[in-house]
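Student: Fold the following, please.
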Amino acid sequence: QVQLVESGGGSVQAGGSLRLSCVASGYTNCMGWFRQAPGKEREAVASRDRLGSTNYADSVKGRFTISRDYAKNTLFLQMNSLQPGDSAMYYCAASSGLCLGAMDYWGKGTLVTISS
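Tutor: Numbers count the residues shown, from 1 in each chain. This next block holds a predicted model:
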């Protein structure tokens, strides 16, 4: 069982930046970020596997960057040019398999609030 612990959420004004972190307690291949806003379905934001392949939601391309520190088992999400529509609970997720499959492990989430 892999534990995931997120940090870095907060409240910023539109146009600002935040950097989310997620520390994994064990080996994972695919790691990614998901988000869920009140009243909306959870959506995939970005993912990255150990080969460095990345995927981004169209809504965040060019603004968000996902990266990993493999030595520290840590996943990052650099979020720039934040908009009120980015407000949500952000969850870190991981899998020992491919990023195209279901995630096996989930963190408890970190809240991001963007004010206009």
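Student: Low-confidence regions, the protein specifically.
Tutor: In the prediction, the chain carries no residues with pLDDT under 70.
Student: does the residue nearest the centre of it have beta-bridge partners, and which?
Tutor: With distances taken as C-alpha atoms, centre = their mean, residue 33 lies nearest the centre of the chain, 2.5 Å away. Beta bridges link residue 33 to residue 46, residue 92 when assigned by DSSP bridges.
Student: pretty sure it is in contact with residue 89, am I right?
Tutor: No: between residue 33 and residue 89 there is no contact, the gap being 10.9 Å when judged by C-beta atoms under 8 Å. All C-beta spots, glycine's among them, are computed from the backbone N, C-alpha and C.
Student: Can you list the buried residues in stretch 85-98?
Tutor: Neighbour counts over stretch 85-98 (16 or more other C-beta atoms under 10 Å) mark 86, 87, 88, 89, 90, 91, 92, 93, 94, 95 as buried.
Student: Could you check how far the second one is from residue 96?
Tutor: What that stands for is residue 87. When distance is defined by C-beta to C-beta, to the nearest Å, residue 87 is 31 Å away from residue 96.
Student: Tell me which two in the buried residues of stretch 85-98 are the farthest apart.
Tutor: 87 and 95 (26.3 Å; C-beta to C-beta).
Student: ok, the residue nearest to the centre of the chain - contacts?
Tutor: 20, 22, 44-47, 66, 75, 77, 90-93 (C-beta atoms under 8 Å, 6 or more residues apart in numbering).
Student: neighbours of the nearest residue to residue 56 once chain neighbours are set aside, just the number please.
Tutor: With C-beta to C-beta, 6 or more residues apart in numbering as the criterion, residue 56 has its nearest non-adjacent residue at 4.8 Å, and that residue is residue 46. If you count neighbours by other C-beta atoms under 10 Å, residue 46 ends up with 23.
Student: what's the answer for the one 5 residues further on, then?
Tutor: By other C-beta under 10 Å, the residues close to residue 51 number 9.
Student: now do residue 29
Tutor: Residue 29 is flanked by 16 other residues according to other C-beta under 10 Å.
Student: Which strands or helices does the helix or strand where residue 12 lies pack on?
Tutor: Using DSSP states H and E, residue 12 sits within strand 10-13. Secondary-structure packing of strand 10-13 (3 or more C-beta pairs under 8 Å, 6 or more residues apart in numbering; DSSP states H and E): strand 110-115.
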